[in-house]
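Colleague: Structure of the sequence below:
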Amino acid sequence: MTKRSLVYPLLAGAVLVSAWMTADPADAQAPAVDASARDGNGVVAPDVYRIGPEDMLQVSVWKNDALTRTVPVRPDGKISLPLVNDVQAAGRTALELRDDLVQKLTEYIPSPEVSVIVSDVRSFKVSVMGEVVHPGRFELKSWTTVLDVLALAGGFTQFATRSRIVILRPERTTMKRIPFNYNKLAGEQENFYLRNGDIVLVP
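Modeller: Have a look, this model is predicted:
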C-alpha cells in the first residue's frame, strides 16, 4: 500500500460480512442492488462492496481447520480452496461468494457452515492525472468522492482548468466520459462517488 492510500474504516455492512449458514435454499441472500445504478453517476454511496482482484478474503468453515484460511483474489478474479479448487470471487459480494462455497462444499461435507470476510481491500483503485500537485494511482479503503480524490492528489496546480474535469469510467470495452465542473459545485454540479478503475483527468 502506498503512502497515498486512503485509510478509512470499512463500513461493516459493506465489507465485513460474516454470516453463518447451512445449505438451506431458504437462507439464500438475494443479490443487492448497487445504489449508484439508481442514482445516476453515484451521488449516493453504493450499499454493497464487490470483491476484486488483490483483495484478501478470510474463508472459515466451522469445525474444519483444513478449509479455514485467508486467501488472495488472483488477477483472474478467482480464489483457490481445497475440495472446490478455483471459485470465482471478483464481482461478487461476500454473501454471494459464501452461498456459492456452501453449494460446492455440500458435495463433500454435510450441511457446511461457511463465512466469508473481506479482510483487506486492495482492489479499489482510482487514478488522477493532469494538473494536480501529486498525480498518480490511489488505493482506496472506502467509497470516495471526486473531491476526496482531488484532495488526495494535493489539489489543483495554478494551470488547472477546473470547469473541464473529466472522469473516465471503464465499461466493458469502452470508456464512459463523465464531465465534472468544479466551479459549479455549489449549484448544478454534484460531488459523486467514484468507482473502481475510474480515471480523473484535470486539464
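Colleague: And the helices in this structure?
Modeller: 35-38, 94-105, 146-152 (DSSP state H).
Colleague: for the shortest one, what is the average pLDDT?
Modeller: Summarised as a single mean, pLDDT over helix 35-38 is 39.
Colleague: Kindly report the same for the second one.
Modeller: Throughout helix 94-105, pLDDT has a mean value of 97.
Colleague: dump the residue contacts of Val61.
Modeller: Counting by CB atoms under 8 Å, 6 or more residues apart in numbering, Val61 touches Leu67, Thr68, Leu105, Ile109, Pro112, Glu113, Val114. Backbone N, C-alpha and C define where each C-beta goes, glycine included.
Colleague: now Val202
Modeller: Val128, Met129, Gly130, Glu131, Val132, Leu150, Phe156, Ala160, Thr161, Arg162, Ile165.
Colleague: Separate out the buried members of the residues you listed.
Modeller: Buried members of the contacts of Val202, counted by 16 or more other CB atoms under 10 Å: Val128, Gly130, Glu131, Val132, Leu150, Phe156, Ala160, Arg162, Ile165.
Colleague: between those, which is nearest Tyr182?
Modeller: The closest of the buried ones among the contacts of Val202 to Tyr182 turns out to be Arg162 (CB to CB; 3.9 Å).
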